[in-house]
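Peer 1: got a sequence here, can you model it:
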Amino acid sequence: MINRMILNETSYFGKGAIGEIPVEVKKRGYQKVVVVTDKDLVKFEVATRVTNLLSEQGIDFTLYDDIVPNPTIQNVQEGVAFVKNAEADCLIAIGGGSPIDTAKAIGIIVTNPEFSDVRSLEGVANTKNPCLPILAVPTTSGTAAEVTINYVITDVENHRKFVCADPHDIPVVAFVDSDMMMGMPARLAASTGMDAMTHAIEGLITKGAWEMTDMLHLKAIEIIGRSIEDAVNGNQVAREDMALGQYLAGMGFSNVGLGLVHGMAHPLSAWYNIPHGVACATLLPTIMRFNKEYTVEKYREIAKVLQLAEKDADLETVRDAACNEISRLSEAVGIPKTISELGVKEEDIPQVAADALKDVCTPGNPREVEVAEIIALYRSLM
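Peer 2: Numbers count the residues shown, from 1 in each chain. Below is the predicted model of the structure:
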């Protein structure tokens, strides 16, 4: 069996890492930069930490701050027009998954204009050219978009999100700086943190998992498990740990895929505009239990790194211990327990479930699933 690993070219980690951005821009000879971010990150002077550095170093840039949560096809197309008009040769994406995902789609279409409809990028698109170079600056500890080949776009017209996986879209440099994450409110730190835990757990148990990705995912689970509660409470050391944990998870799942949690979360976001991290975090404990009999020894490994069970404990005990700890962490950081709290309507569930079954992430689940089972899982969370 052949296993493939694709990683980004360069990453900087630690407090103050954004100071290396002007160095990388100049070293690579970029002349016209477009900064891709959202209005809140500008308003609260998070993105301006980067733009101030660019200004101080005399680097020419233009700001595109019209990114929305759960970015849409229209959002991407407007961004493409903006970037072309600016004649940019580099994008600096600042934010959580939404700005970085949007930058990936923009960058791909600028260099591969035959995909300008955006929808044709779904799945593994046959793009010919690397995207416009992206320097990625995450401001949340969850999506790991700065190190993955994946991005997700919302098709508003058809009430769906679609996943794109393209080695040509991976950012060339990432700057994982805990200073950029200190502005996260507790609820955002909780939902993105549990999204990172979802990436690590689903990446560990997905059908494509192998030894190298298992190593990354288990270390990510260990770091996230010990850090997330303190990170939600604003501890900077814990937030720096979370930044590393989510990055490790991203290195893994980007190469092996995910599973049913993401398959069921994507349509929830598309139908109800629920933040992706919240949807994943709410689903995770229930789907873990649904999968537990199909994970061989993987939950034992989770229990080990979370220091939950003795090494000679029976398999059922360690599986339950792993599931119970994830439920405890979710509750401790304030994740909603039901999807009805998120605005999900009972009458929509059959169609939402049909969309979940078709989602690109669902086939990676270790347990085969039918639409009736997905309906039952959604209803169990109402």
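Peer 1: Tyr378 is in contact with Ser353, correct?
Peer 2: Quick fix: residue 353 is Ala, not Ser. Yes. With contacts counted by C-beta atoms under 8 Å, Ala353 reaches Tyr378, the gap being 6.0 Å. No exception for glycine: its C-beta is placed from N, CA and C like everyone else's.
Peer 1: between those two, what contacts are shared?
Peer 2: Shared contacts of Ala353 and Tyr378 (C-beta atoms under 8 Å, 6 or more residues apart in numbering): Met264.
Peer 1: identify the residues contacting Gly95.
Peer 2: Shown in contact with Gly95 (C-beta under 8 Å, 6+ apart): 36-38, 41, 47, 67, 137-140.
Peer 1: mind checking which of these land in helices?
Peer 2: Among those, the ones falling in helices (DSSP state H) are 41, 47.
Peer 1: for Ala270, state which of the contacts of Gly95 is nearest.
Peer 2: Ile67 (17.1 Å; C-beta to C-beta).
Peer 1: residue at max distance from the center of this protein?
Peer 2: Asp312 (34.8 Å; C-alpha atoms, centre = their mean).
Peer 1: sec struct for it, please.
Peer 2: Secondary structure, DSSP: H, G, I helix; E, B strand; the rest coil: Asp312 is coil.
Peer 1: who does the helix or strand containing Ile109 touch, helix- and strand-wise?
Peer 2: Element membership of Ile109, judged by DSSP states H and E, is helix 97-111. With contacts defined as 3 or more C-beta pairs under 8 Å, 6 or more residues apart in numbering; DSSP states H and E, the packing partners of helix 97-111 are strand 33-36, helix 73-86, strand 90-95, strand 134-138, strand 150-155.
Peer 1: for these, which one sits closest to Leu357?
Peer 2: Using C-beta to C-beta, the helices and strands packed on helix 97-111 put strand 150-155 closest to Leu357, at 16.8 Å.
Peer 1: between the closest one and helix 97-111, how many degrees?
Peer 2: Going by axes from the mean of the first three to the mean of the last three C-alpha atoms, to 10 degrees, strand 150-155 is angled at 90 degrees with respect to helix 97-111.
Peer 1: next, the buried residues of the helix or strand Gln351 falls within.
Peer 2: Per DSSP H and E, Gln351 falls inside helix 349-358. By neighbour count on 16 or more other C-beta atoms under 10 Å, the buried set for helix 349-358 is 349, 352-353, 355-357.
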